[in-house]
Structure formats: C-alpha cells, structure tokens
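Using only what follows, build the 3D model:
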Amino acid sequence: MTVDIRDERAAGLLEARDGGQVVGRIAYFVLAGGVPALVAVHTVVEPGQEGRGIGGDLVRAFYGIAAGEGVPVVPLCPYAAAWAARHPDEAPEPPAELVAAAQKQLAEDPSQW
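Just a heads-up that it's a prediction; the model follows:
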C-alpha cells in the first residue's frame, strides 16, 4: 500500500498518510538567518505501521523537497541521519557550519520539538 506524503510547512511537519490517517511524520524547522536549510528533528512511525518503509519514504521525500527548493538538509534526527549515511547519493552531507547553526537554533527553543 502506498502512503501519501504531505508537507505541512506551517506546522513544521512532513506527514505520511494512509487512507487519511497519519501513519508517520518528520518534525522539522527551517533554519533561520544566513543560508536556509531544512532541519529534521524527529521521525516517528506510528505503532503498528513499522516495517512498511514509511520512515525511509518520509526521509527520502524530505530530501526531495529540499533539493527542489535548492536548500540542504540538516538531519539532527538520529533516524534521518542514519538514513542519510546509508544513502549518500541521495543525501548530501551538510556543511558543518549549518549543522552547528541548526543545533544552536534547536537548543534555543527545544520546547517546540
């Protein structure tokens, strides 16, 4: 079964839906100031939905959105970072200064995640 992936930018969510029900999501933010980037903070696949490839589909779509916008991805989420390490051809490594800026922005307001 194929899931529908939707970017809910205003909410900072990339959602995977199956039959209208959210079955997975990536929580993210857009890096403020300087060079824009999409920062993946947390990837969740709902209980009972594991093993369907939803997490990988979400991360692949996230990188696709970023590529379409011409911006890098900073995968602070452990799942997204592991996926990126396994798929270097699809997930270019972000510059260290962007990673540091994303970590700083997240640390300044961790309550939003």
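
When you work out contacts or count neighbours from here on, use the C-alpha atoms and nothing else.
Fine.

ok, now which ones touch Arg52?
Arg52 makes contact with no residue, according to Cα atoms under 8 Å, 6 or more residues apart in numbering.

how far away is it from Val30?
Distance of Arg52 to Val30, computed by Cα to Cα, to the nearest Å: 28 Å.

residue closest to the middle of this protein?
With distances taken as Cα atoms, centre = their mean, Ala40 lies nearest the centre of the chain, 3.6 Å away.

got a list of contacts for the strand or helix carrying that one?
Element membership of Ala40, judged by DSSP states H and E, is strand 38-45. With Cα under 8 Å, 6+ apart as the test, strand 38-45 has contacts from 23-31, 54-55, 66, 71-80, 102, 113.

so the longest helix that the chain contains versus strand 38-45, what angle?
Counting residues, the longest helix found in the chain (DSSP state H) is helix 54-69. Following axes from the mean of the first three to the mean of the last three Cα atoms, to 10 degrees, one obtains 160 degrees for the angle between helix 54-69 and strand 38-45.

rewinding a little: I'd like to know which of the contacts of strand 38-45 are buried.
23-31, 54-55, 66, 71-77, 79-80, 102 (16 or more other Cα atoms under 10 Å).

Just the ones of those in helices?
Among the buried ones among the contacts of strand 38-45, DSSP H puts 54-55, 66, 79-80, 102 in helices.
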